[in-house]
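Q: Next come a sequence and a model predicted from it.
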Amino acid sequence: MRFQDWATRVLLISLMFMALIVVLLIGRATKLQNNLATSHISNPQVTAWSQYPQAQFQSAKEPEKKSQDVIKSSAKTNKPVARYVTTQAFAQYRPNYEVVSVNPTNYGERYAQDVNGLPLNNQPIIVLHETGYSASSAINFFQVAHDDENVQASYHTLIKLDGTVVYLVPPEKRAFGAANSVFDSPDGVETVKTNPNLPPSVNNFAYHVSLETPPDGYDATNQQTHSGYTEAQYNSLAWLIAQSQVPDERITTHKLVDRSSKKVDPINFDGNKFLDLLNTYRQVRPIYRVSK
């Protein structure tokens, strides 16, 4: 055999081995990527604030009708784990939106431990508010620096009368939406003390959403009633929350979590209308686990 023929065969065999090695490496990398993706999806215990508050949903049971003030669910903790998915109605509704910066004094980081050094693992809640005055007045307040911790305030999101969604504080940050506050969950009372000089509050595990108050509600002497919120506001609120994994029983109001006995918002909020719209924009999909 001539040297040239021998060298050609050796080169071809080497190329075949190199191609085989490349194929094996690509296959291993793909398998690893799929395993990582699967493990992320199949672990509903993880709470992620990267885009919107996530929480384990405990029931696929249809919620009962709610009163205007109390928003509770008939979900039981022994139900199969499931996740929410958005619907075609959600995809068809496209509200206008704005992104507005807030002064850093009016929000902070979410704490991993309380003032006593105990680890915090509360699942997120959503707290509904109203501005009290115009959306612009609230935004202007949030953009001003406040050194007094008793004055600092903010929401994560605000919804204007025309349904425009205003994104204010990133979800992974702690907005100062409720001061002295406690959430009465189905499993017990939840609150967190992160500042030794201030009362405990729900802020560390809350996502705060506020509705712009209608003009006839600006009168400070009549805080108990006004004409209510627009259809666009209800739709945008339901659309916004439909993107989360926060279950119905962990959606509450400022009035219900407040312990100062001063907060009454959101006034004239129609809980039934909101929940009906929320169920239109998201549905429950069970998570099927493969038994070993």
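A: Received, thanks.
Q: Can you give me every residue that contacts the closest residue to Pro199 other than its chain neighbours?
A: Excluding the flanking residues, the one nearest Pro199 by C-beta to C-beta, 6 or more residues apart in numbering is Asn180, at 3.9 Å. (C-beta placed from N, C-alpha, C; glycine too.) Applying C-beta atoms under 8 Å, 6 or more residues apart in numbering, we find Asn180 in contact with 199-201, 258-260.
Q: could you redo the last one with a cut-off of 7 Å?
A: Shown in contact with Asn180 (C-beta atoms under 7 Å, 6 or more residues apart in numbering): 199, 201, 259-260.
Q: So which of these wins on neighbours?
A: Among the contacts of Asn180, Ser201 has the most neighbours (other C-beta atoms under 10 Å), with 25 neighbours.
Q: That one is in contact with Ala179, isn't it?
A: Yes - counting by C-beta atoms under 7 Å, Ser201 touches Ala179, with 5.9 Å between them.
Q: Mutual contacts of these two, please.
A: Counting by C-beta under 7 Å, 6+ apart, nothing touches both Ser201 and Ala179.
Q: hey, where'd the helices end up in the protein?
A: In the chain, the helices defined using DSSP state H lie at 3-41, 88-92, 135-142, 231-241, 254-257, 271-281.
Q: separation between the nearest residue to Val102 once chain neighbours are set aside and Glu212?
A: Once flanking residues are discounted, Val102 sits nearest to Phe142: 4.5 Å by C-beta to C-beta, 6+ apart. According to C-beta to C-beta, to the nearest Å, Phe142 stands 14 Å off from Glu212.
Q: So for those two, which sits in the more crowded spot?
A: Taking neighbours as other C-beta under 10 Å, Phe142 and Glu212 compare with Glu212 leading, 26 against 23.
Q: Would you mind confirming that that one is in contact with Ala135?
A: Yes - if you go by C-beta under 7 Å, Glu212 and Ala135 touch, sitting 4.2 Å apart.
Q: Common neighbours of these two, please.
A: 158, 160.
Q: Of the contacts of Asn180, which pair is most distant in space?
A: Within the contacts of Asn180, Ser201 and Ser260 form the most distant pair, 10.5 Å apart (C-beta to C-beta).
Q: remind me which residues of the stretch 101-250 of the chain are low pLDDT?
A: The model of the stretch 101-250 of the chain has pLDDT under 70 over residues 220-223.
Q: any chance you could map the strands in it?
A: For the stretch 101-250 of the chain, the strands defined by DSSP state E, counting those that start in this stretch cover 107-109, 125-130, 157-159, 165-167, 173-175, 183-185, 188-190, 206-211.
Q: what pairs with the third one, and is each one parallel or antiparallel?
A: Strand 157-159 has its sheet partners listed here by DSSP bridges as strand 165-167 (antiparallel), strand 206-211 (parallel).
Q: Can you convert those strands into JSON lines and add a column each for distance to Thr253?
A: As requested, the strands paired with strand 157-159 are exported to JSON lines (distance: least, C-beta to C-beta, whole Å):
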{"stretch": "strand 165-167", "distance to Thr253": "19"}
{"stretch": "strand 206-211", "distance to Thr253": "10"}
